[in-house]
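**Q** Here is a sequence together with a model predicted from it:
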Amino acid sequence: MLEKNPHYWKPDLPKSNQLILRFITDPAARLAQLRSGQIDFTVDLVPDQKSEIDRDSTLVVTSRPSFNVGYLALNPSYKPLADVRVRQAIAHAINQQAIVQAFWGGLAENSPHFLPDTLSWAQAPNLKPYEFNPQKAKDLLSQAGFPNGFTLELWYMPVSRPYFPVPKPIAEAFAADLNAVGIRVSLKTQDWAAYIADRLKSPGYQAFMLGWTGDYGDPDTFYYPHFGAGSTKDLGNWKNDRLQQLLDQARSSTDQEVRSKIYAEVDQILHREILRLPIVHSKPLLVQRNTVKIGYPAL
């Protein structure tokens, strides 16, 4: 609970005397309490709830640009995934566009970039997504020595996040597409704390779903925690010397034009290597009661 500071330097602010923060883990419970007036504002509702929200005249959707990524990690310490052609086959086998359309209800987009479009200045221009092409996926598997496919354990998150609002059905959609090209998927999950911890234990999960919401407005907040020094334990400690060099160079420069060129090369390397396949950049669903006014006063 936050109380108004009577000694704040602008005497007419804040407008409210008290702000109470409540933690309600279930999205359905959050929406129910919002509709009943028990809370006035909530975040990270799931796309399936939007039609219910739109029918309620007391509720207002608040828009916020995407600043996250949901990805499918492919661990190269697992023999089939050590071959980049196999990872490329997986990228071609999954109908990413259709899955995003089906599960995010227009509140997300599929992109070949690990960075969201809010950081488009750091994306490689003209980078094309891996098209949905099951035959090409089968050809790549044959070239890599797996004409009959292989078995794959795919771990899905046990909790809802803006980038993966309903992880199990999304994982089932991935599995259906992969099974169609001969990759026999076994779906697995466990308690959230164990899920996060066990992925870091050698050799790690074979493939798993995870995501990230940026901490600050720079590409480094997405790249370094996932690909920088010490950040790939969940990928069998995979490393690429050129990539590490580029990430360090970007950290040491303050010139955006220079950093733009550096990050464009990073984008190209990651798109080629497919260690964390970007599936989605989602727009968080924030909702408030129409009696609430939220503003940012000029200072």
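**A** All right, it came through fine. These numbers were taken from a predicted model, which means no experiment stands behind them.

**Q** and the spatially most central residue of the chain, which of the three is it?
**A** With the centre of the chain defined as its mean C-alpha position, the nearest residue by Cα atoms, centre = their mean is residue 70, 1.9 Å away. Residue 70 carries the three-state label strand when classified by DSSP: H, G, I helix; E, B strand; the rest coil.

**Q** So which residues of the stretch 101-250 of the chain form helices?
**A** 134-143, 167-179, 192-198, 220-227, 241-252 (DSSP state H, counting those that start in this stretch).

**Q** so which of those helices comes closest to residue 207?
**A** Of all those, it is helix 167-179 that lies closest to residue 207, at 8.7 Å by Cβ to Cβ. C-betas here are computed from N, CA, C, even on glycine.

**Q** by contact count, what packs against the closest one?
**A** Taking 3 or more Cβ pairs under 8 Å, 6 or more residues apart in numbering; DSSP states H and E as contact, the helices and strands that helix 167-179 lies on are helix 84-93, helix 96-104, strand 150-155, strand 183-188, strand 207-213.

**Q** what's the neighbour count on the residue nearest to residue 5 when sequence neighbours are not counted?
**A** On the basis of Cβ to Cβ, 6 or more residues apart in numbering, the spatially nearest residue to residue 5 that is not a chain neighbour turns out to be residue 14, at 8.0 Å. A count of nearby residues for residue 14, using other Cβ atoms under 10 Å, gives 13.

**Q** export the helices of the stretch 101-250 of the chain to JSON lines and tack on mean pLDDT, distance to residue 36 and mean neighbour count?
**A** Putting these into JSON lines (pLDDT from 0 to 100; distance: least, Cβ to Cβ, whole Å; neighbours: other Cβ atoms under 10 Å) gives the following:
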{"stretch": "helix 134-143", "mean pLDDT": "98", "distance to residue 36": "47", "mean neighbour count": "18"}
{"stretch": "helix 167-179", "mean pLDDT": "98", "distance to residue 36": "28", "mean neighbour count": "19"}
{"stretch": "helix 192-198", "mean pLDDT": "97", "distance to residue 36": "28", "mean neighbour count": "13"}
{"stretch": "helix 220-227", "mean pLDDT": "98", "distance to residue 36": "37", "mean neighbour count": "20"}
{"stretch": "helix 241-252", "mean pLDDT": "97", "distance to residue 36": "48", "mean neighbour count": "15"}
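
**Q** okay if I get those as JSON lines plus distance to residue 33?
**A** As requested, the helices of the stretch 101-250 of the chain are arranged in JSON lines below (distance: least, Cβ to Cβ, whole Å):
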{"stretch": "helix 134-143", "distance to residue 33": "44"}
{"stretch": "helix 167-179", "distance to residue 33": "23"}
{"stretch": "helix 192-198", "distance to residue 33": "22"}
{"stretch": "helix 220-227", "distance to residue 33": "32"}
{"stretch": "helix 241-252", "distance to residue 33": "43"}
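
**Q** Between these, which one is closest to residue 52.
**A** Proximity to residue 52, assessed across the helices of the stretch 101-250 of the chain by Cβ to Cβ, is greatest for helix 167-179 (18.3 Å).

**Q** orientation of the closest one relative to strand 150-155 in degrees?
**A** For helix 167-179 and strand 150-155, the angle between their directions (axes from the mean of the first three to the mean of the last three Cα atoms, to 10 degrees) works out to 170 degrees.

**Q** now stretch 23-30: how far from the chain's centre is it?
**A** Averaging C-alpha coordinates over stretch 23-30 and over its chain gives two centres that are 20 Å apart (Cα atoms, centre = their mean, to the nearest Å).

**Q** Endpoints of that stretch, how far apart?
**A** Stretch 23-30 has an end-to-end distance of 9 Å (criterion: Cα to Cα, to the nearest Å).
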